[in-house]
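J.: sequence first, predicted coordinates after that:
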Number of protein chains: 2
Amino acid sequence: MSEPSRPRPSSLTVDYKPVFHELARVRAILFDAKLAPHGITISQAWVLTHLWQEDGLSQSKIAGRMDVATVTTSKLIDRLEDHGFVKRQVDPADRRSNLVFATKEGRALVRVLTKIVYEVDEVANAGIDPSDLETTLGVLGRMRENLKSELARS
Amino acid sequence: MSEPSRPRPSSLTVDYKPVFHELARVRAILFDAKLAPHGITISQAWVLTHLWQEDGLSQSKIAGRMDVATVTTSKLIDRLEDHGFVKRQVDPADRRSNLVFATKEGRALVRVLTKIVYEVDEVANAGIDPSDLETTLGVLGRMRENLKSELARS
DNA sequence: TGCAAATGATAAGCAAGCGAATTAAGTACG
DNA sequence: CGTACTTAATTCGCTTGCTTATCATTTGCA
């Protein structure tokens, strides 16, 4: 059990450390360092990208697109609003709901984010064969779907 | 710039969502659900695996192996100790330092964790070609090293 | 119509990260 | 020897995530 003759590849195969977790953490640290001068964090920035795709989304629609609990977006939007990157507006058609609009400053940050994503990826992808990279991104997408279906099942 | 004729593969290639981040989050949710009956979280459990490899590590050595800040391990060990999975003991050779030892209960949990890692991986890896999986794990390891060197540089 | 159930947002409280500041203990050097 | 620096751990305060509970509104159905 501890030394199978031919171990299935698993997330432990790398070096008995949580690669997925560590990778996400290291990426977040780098992103936040690069975004700090702009007064925003990476999670807040992702909210802006959704508004860039479709402005005036409700908070719960944003939560749905980010696959995060509505309470999480609530606080993200608080901070974005504090810094003037978005504005809440009560939905006239449903007064429980807030529509969220990116301000001009908020929209400008999306361009910054895109640039930073490429910067970070450039560092991360150094020395990696492009076709292996493509394979990897496909695999990661599939894993995410596999795990999300499992969660939905319970 | 926004529509290059042949975009470099990047973390945005998947679907303009933070795959690395989402994958880590979804995995953590599944792990924590499976570990909850044992009274432990996935981050706490990783501490135990390091003690399993070498018992009696100091808190800062644990932090070093986990690549997290010492303050993080401090709190993880608080909770592990509260639940009786580890014991702190002042280092007789350096009274600033705490040596951390896994209890019998703590050691037992490492076996549980290993089983759960395989369970989660089985879900995550469904329908993925084994050789693609191997490629992916190699790529992720390389990315992690690339990013960690970048962080060390600053 | 009227009341129950569902939905959108928030509040409170917890875990896991971080950085900065603090305290205690070791180390090194003039 | 003593002062200055380093190191180990903790405390404080922050962000992001979660769950659970609450409040207001809307919807659905008898």
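T.: In hand now; what should we look at?
J.: does A:D55 touch A:F101 like I think?
T.: Yes: A:D55 lies in contact with A:F101 (C-beta atoms under 8 Å); the separation is 5.5 Å. Bear in mind the C-beta positions are built from the backbone N, C-alpha and C, glycine included.
J.: okay, now the closest residue to A:I62 other than its chain neighbours: neighbour count?
T.: If you skip the residues right next to it in sequence, A:I62 has A:T73 as its closest partner in space, 5.0 Å away by C-beta to C-beta, 6 or more residues apart in numbering or on different chains. Neighbourhood size, A:T73 [other C-beta atoms under 10 Å in any protein chain shown]: 25.
J.: surely A:T73 and A:H50 touch.
T.: No: taking contacts as C-beta under 8 Å, A:T73 lies outside contact range of A:H50: 9.5 Å.
J.: need the overlap of contacts for these two.
T.: Shared contacts of A:T73 and A:H50 (C-beta atoms under 8 Å, 6 or more residues apart in numbering or on different chains): A:62, A:66.
J.: okay, now the unreliable bits of chain A?
T.: Chain A contains residues with pLDDT under 70 at A:1-9, A:13-14.
J.: where exactly do the strands run in it?
T.: Ranges of strands in chain A, per DSSP state E, are A:57-58, A:86-90, A:98-102.
J.: partners of the shortest one, with directions?
T.: Looking at strand A:57-58 with DSSP bridges, its partner strands are strand A:98-102 (antiparallel).
J.: one step back: can I get the strands of chain A in a markdown table with distance to A:D15?
T.: Output for the strands of chain A, formatted as a markdown table (distance: least, C-beta to C-beta, whole Å):
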| stretch | distance to A:D15 |
| --- | --- |
| strand A:57-58 | 41 |
| strand A:86-90 | 41 |
| strand A:98-102 | 42 |
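J.: how many neighbours does A:I29 have?
T.: So A:I29, with other C-beta under 10 Å, has 15 neighbours.
J.: tell me the angle the longest helix along chain A makes with helix B:130-153.
T.: For chain A, the longest helix by residue count, based on DSSP state H, is helix A:130-153. Interaxial angle, helix A:130-153 versus helix B:130-153 (axes from the mean of the first three to the mean of the last three C-alpha atoms, to 10 degrees): 100 degrees.
J.: I'd like the distance from helix A:130-153 to the chain centre, please.
T.: Here helix A:130-153 is found 15 Å from its chain centre; the criterion is C-alpha atoms, centre = their mean, to the nearest Å.
J.: that helix and DNA strand D in contact?
T.: No: residues of helix A:130-153 are not located near DNA strand D by C-beta under 7 Å from any atom of the strand, the shortest gap being 8.9 Å.
J.: in CSV, list the C-alpha atoms belonging to that helix.
T.: C-alpha atoms of helix A:130-153 as CSV (Å, rounded to 0.1, in the frame of the first residue of the first chain):
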residue,chain,number,x,y,z
PRO,A,130,4.0,24.6,-25.6
SER,A,131,2.3,21.4,-26.5
ASP,A,132,2.7,20.1,-22.9
LEU,A,133,1.3,23.3,-21.7
GLU,A,134,-1.7,22.9,-23.9
THR,A,135,-2.2,19.4,-22.7
THR,A,136,-2.0,20.6,-19.1
LEU,A,137,-4.6,23.4,-19.5
GLY,A,138,-6.9,20.9,-21.1
VAL,A,139,-6.4,18.4,-18.2
LEU,A,140,-6.9,21.1,-15.6
GLY,A,141,-10.2,22.2,-17.2
ARG,A,142,-11.4,18.6,-17.2
MET,A,143,-10.3,18.1,-13.5
ARG,A,144,-12.2,21.2,-12.5
GLU,A,145,-15.4,19.9,-14.2
ASN,A,146,-15.0,16.5,-12.7
LEU,A,147,-14.6,17.9,-9.2
LYS,A,148,-17.4,20.4,-9.6
SER,A,149,-19.8,17.7,-10.7
GLU,A,150,-18.8,15.6,-7.7
LEU,A,151,-19.6,18.6,-5.4
ALA,A,152,-22.9,19.2,-7.2
ARG,A,153,-23.8,15.6,-6.6
